[in-house]
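>>> Sequence and predicted structure below; questions after.
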Amino acid sequence: MSIMAKSIEPLPRSFYNRGTVTTARALLNKHLVRVIGRTILIGRIVEVEAYGGRNDPASHAYRGATPRNKPMFGEPGHAYIYFTYGNHYCLNVTTQRVGVPGAVLIRAIEPLKGLGMMKRFRPGVPNLQLSNGPGKLTKALAIDRSLNEADLTRHGLLYIGKASSELLFTTKRSPRIGITLGIERLWRFYIESSQYVSRDVSGNRRTHRQYR
DNA sequence: GAGAAGATCTCCT
DNA sequence: GGAGATCTTCTCA
């Protein structure tokens, strides 16, 4: 039986209108839905990181509001998408009430539907490598700045819904990846059993070699 | 207006 | 394991 996108109901605003770490954890195993024309791409969220505000030196919001990080200060349940390293887009979900900055970085998804189109966006890449990193998954789902501030609580081009069935899984936590400050916080969460997370338990990058 | 750093990925050795 | 790519954003003068 195929997964019908319409059967996936977007998570309500209240899901995001709470603590960022709580929301990050709760986003695991939810379904990220991307609509491109008549095609529906769906990925199961398997890895996330929480980013706070003025008390979190690793966060874009640490020094207050800027034009870039504005969505982090806005309504919860919206996309915050930024461009980094001259190459990559990163997808975040805003949390907490208006005026309180917070966002969850989606770091990895497991492709569930629309694999063919994802592979067209990432030609020559093995399945396990399609979306096991923040820059990879935005490319696999054709997510760019045009979707910045998109409302994720509605049926639109991009939203997040509950999984059709709640699987049992074990959540692991670790320091966040790729930052130099705030590494004492264990604000990265991932599904232990998933093959699609970006790093293994010891923090090593998952490379092509390991899968050949 | 200049300079530096960056929530990354890929290729090369 | 390491470095280059590539460009946006922010900070500071």
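Here it is on my side, so go on.

>>> since we're on A:Ile36, how many residues are nearby?
By the measure other CB atoms under 10 Å, the count of residues near A:Ile36 is 14. Any C-beta I mention is one placed from the backbone N, CA and C, and that applies to glycine too.

>>> Pop out the phi and psi values for the nearest residue to it once chain neighbours are set aside.
Sequence neighbours aside, A:Ala142 is the residue nearest to A:Ile36 in space, at 6.2 Å (criterion: CB to CB, 6 or more residues apart in numbering). Dihedral pair for A:Ala142: phi 50, psi 50, per degrees, to the nearest 10.

>>> residues touching A:Ala142, list them.
By CB atoms under 8 Å, 6 or more residues apart in numbering, the residues touching A:Ala142 are A:Arg34, A:Ile36, A:Phe121.

>>> Closest to DNA strand B out of the residues you listed?
A:Phe121 (10.3 Å; CB to the nearest atom of the strand).

>>> quick one: pLDDT of the closest one?
pLDDT for A:Phe121: 96.

>>> picking up where we left off before, let me have the contacts of A:Ala142 in CSV, adding secondary structure and distance to DNA strand B as columns.
Converted to CSV, the contacts of A:Ala142 look like this (DSSP: H, G, I helix; E, B strand; the rest coil; distance: CB to the nearest atom of the strand, whole Å):
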residue, secondary structure, distance to DNA strand B
A:Arg34, strand, 16
A:Ile36, strand, 19
A:Phe121, helix, 10
